[in-house]
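Participant: Just to be clear, the model below is a prediction. Sequence and coordinates:
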Amino acid sequence: MADSPTAPSLAAAVLRASRRLVILTGAGISAESGVPTFRGAGGYWRNRSFMELATPEAFAADPRLVWDWYLERRRTVRACEPNAAHRAIAAWSQLGRGTLITQNVDGLHERAGTSAVVRFHGSLWHNRCGECREERLVADLEYPELPRSPCCHAPERPGVVWFGEAIPSEAVKSTELAVAGADAVLVIGTSGAVYPAAGIVAAVRSSGAKAIEVNPEDTSLEVDVALRMPAAEAVPRILPSR
C-alpha cells in the first residue's frame, strides 16, 4: 500500500501489535542527522572514489591513505547527533520486543541508547587486529602513527566490512534467528535493492507477517505499507515505546 492519509495509522497499528519485530535501518536514517552517504557527487575524497578506498586491496596498498579517510569519517560522524528516529528506536528497544539490524557503521543507534544492535557492516568505532582479528572499541580521531593492536601488536584496520568481504557470520546468524520468528518488519532508509533488505522483507512476508517501510524516496521493496516520509518524522509516530 502506497503512502496515504491513513498509512501512518495502519503502520502504527501493525507495530503496536508486534511482539517479534525486526527493524532494518540503512543510510537514509543517518543522512537525516547529517552523516554523508559517500555516494553520488559526494562519494569522492582526495579525488578517490569511496569504492576505491573501502577495499582490502586499497588498505594493503596504502594503509595511511585509508586510515586518514576513516579518521575523517569518524570526525564527521562525531559532529552529528542521533535524530528523533534513532531515539524512538532506542526507546522501543527497551521493550525487548524485537531485533534491530543496521547497515550503518556510524554508531548513532548506540549513541541514542540502543544497546543491542546487529551490525551487518561492522562499526566505524572499532579497530580490528590484522593478526587475530580481535576488535576493540575506540574513540580515536587522529593517528600520528598507524595503530597497532594491544593483543598481537599487529597493524590494525577499521572494523568495517569492505567491498568483497563477507557479512560477519554472527550478524548473519542473529538475523536468521530474528527473521524466523518475526511477526513484522520495519525497514527505514534503505532502497532494498540488494541483500540484506530485500531478503529480510521477502522472508518475513513469506510467513504472512506485515512489512512497513519508511523512506521519502520510492524503492523496489514490496511492502504492505510504505510511508514516503523522513524517518525523523515518521518513526516516532508509528513505533511504540511502551
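Facilitator: Arrived safely, thanks for sending.

Participant: Please enumerate the strands of the protein.
Facilitator: 21-25, 44-45, 48-49, 98-102, 118-119, 122-129, 135-137, 156-160, 184-188, 210-214, 225-227 (DSSP state E).

Participant: Return the set of buried residues in stretch 184-198.
Facilitator: Residues of stretch 184-198 classed as buried: A184, V185, L186, V187, I188, G189, T190, S191, G192, P196, A197, A198 (neighbour count, 16 or more other CB atoms under 10 Å). C-beta coordinates here come from the backbone N, C-alpha and C atoms, glycine included.

Participant: didn't the fourth one look like it was pressed against V223?
Facilitator: Yes - with the criterion set as CB atoms under 8 Å, V187 and V223 qualify as a contacting pair; they are 7.1 Å apart.

Participant: what sits in contact with each of those two?
Facilitator: V201, A211, I212, E213 (CB atoms under 8 Å, 6 or more residues apart in numbering).

Participant: counting contacts, what elements does the top helix by length along the chain pack onto?
Facilitator: Secondary structure of the chain per DSSP state H: the longest helix is helix 63-78. Secondary-structure packing of helix 63-78 (3 or more CB pairs under 8 Å, 6 or more residues apart in numbering; DSSP states H and E): helix 50-53, helix 56-61, strand 122-129, strand 156-160.

Participant: Quick check: chain neighbours aside, which residue is closest to A198?
Facilitator: Excluding its sequence neighbours, the residue lying closest to A198 (CB to CB, 6 or more residues apart in numbering) is G192, at 5.1 Å.

Participant: Next: A91.
Facilitator: Using CB to CB, 6+ apart, the closest residue to A91 is S241 (3.9 Å).

Participant: what sits against that neighbour?
Facilitator: Counting by CB under 8 Å, 6+ apart, S241 touches A88, A91, W92, Q94, L95.

Participant: burial measure for the second one, as a count.
Facilitator: Burial of A91, expressed as a neighbour count using other CB atoms under 10 Å, amounts to 17.

Participant: and the residue nearest to E81 when sequence neighbours are not counted, how many neighbours?
Facilitator: Spatial nearest neighbour of E81, excluding adjacent residues (CB to CB, 6+ apart): S33 at 6.1 Å. By other CB under 10 Å, 21 other residues sit near S33.

Participant: mind listing what S33 touches?
Facilitator: By CB under 8 Å, 6+ apart, the contact list for S33 reads C80, E81, P82, N83, H86, L108.

Participant: the bottom helix or strand of the protein by mean pLDDT?
Facilitator: strand 44-45 (a mean of 66; mean pLDDT, DSSP states H and E).

Participant: which intervals of this structure have sub-threshold pLDDT?
Facilitator: 1-5, 38-44, 46-47 (pLDDT under 70).

Participant: how many other residues sit next to the residue nearest to L10 when sequence neighbours are not counted?
Facilitator: The shortest distance from L10 to any non-neighbouring residue, by CB to CB, 6+ apart, is to V225 (5.2 Å). Taking other CB under 10 Å as the criterion, the count of residues near V225 is 25.
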